[in-house]
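Asks: next one to model:
(one chain, ligands or ions: 1)
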Amino acid sequence: MSCAFANDKASKGNESSAKDKAAQEVVISGNDTMQFDVKSFEVKAGSKVKLTLKNVGQIPKIAMGHNLVVLKKGITAVAFGQKALGAGANATNALPESLMGDVIAATKLLGPAESETIEFTAPKEPGSYEYVCTFPGHFALMRGTMTVK
Ligand SMILES: [Cu+2]
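Replies: Residues are numbered from 1 along each chain as shown. Next up is the predicted model:
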């Protein structure tokens, strides 16, 4: 009786295709002049993505923190940045919980010399997906596009 149900995984989109190899890695840094060094990158639809954000600046987090938030299709970085402000985004909570419905993946807010690596699955639907830093005001400059092919 021990393992009788071990294979009883629900059919939850279990796609183990042959091309499902190692995760694609993307490394992006943010700096004290509110810039991402990578403003666009490409991923394969449905593949695993390993994304690292590094804050390479020196200004304290409370004044120049950075995160990277990948948005669902059709949501622009600018519109989302404004929405975040409207929802109360601030220097310690840059990404209010109430906005997570628009988000594919997000790093936490990083201070100087910090980095974080997140993993997510790229959308299956090809197209452009914008990303943004939601530290208040940064969306004006800190944004880019993930292209899913
Ligand atoms: Cu930022």
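
Asks: neighbours of Ala140, how many?
Replies: Residues near Ala140, counting by other CB atoms under 10 Å, number 12. Placement of C-beta: from N, CA and C, glycine included.

Asks: now it: phi and psi?
Replies: Phi and psi for Ala140, reported as degrees, to the nearest 10, are phi -60, psi -30.

Asks: is it in contact with Gly81, as I believe?
Replies: Yes - counting by CB atoms under 8 Å, Ala140 touches Gly81, with 7.4 Å between them.

Asks: now the lengthiest helix in the chain - C-alpha only, PDB.
Replies: Using DSSP state H to define each element, the chain has its longest helix at helix 77-86. C-alpha atoms of helix 77-86 as PDB (Å, rounded to 0.1, in the frame of the first residue of the first chain):
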ATOM      1  CA  ALA A  77       5.000  49.400 -17.400                       C
ATOM      2  CA  VAL A  78       3.900  52.900 -17.200                       C
ATOM      3  CA  ALA A  79       0.300  52.100 -16.400                       C
ATOM      4  CA  PHE A  80       1.300  49.600 -13.800                       C
ATOM      5  CA  GLY A  81       3.800  52.000 -12.200                       C
ATOM      6  CA  GLN A  82       1.000  54.500 -11.800                       C
ATOM      7  CA  LYS A  83      -1.400  51.900 -10.500                       C
ATOM      8  CA  ALA A  84       1.200  50.800  -7.900                       C
ATOM      9  CA  LEU A  85       1.500  54.400  -6.700                       C
ATOM     10  CA  GLY A  86      -2.300  54.600  -6.500                       C
END
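
Asks: mind listing what's buried along it?
Replies: Ala77, Phe80, Gly81, Lys83, Ala84 (16 or more other CB atoms under 10 Å).

Asks: just stretch 142-149 next, same as before
Replies: Of the residues in stretch 142-149, those buried (16+ other CB under 10 Å) are Met142, Arg143, Gly144, Met146, Val148.

Asks: that'll do, ta.
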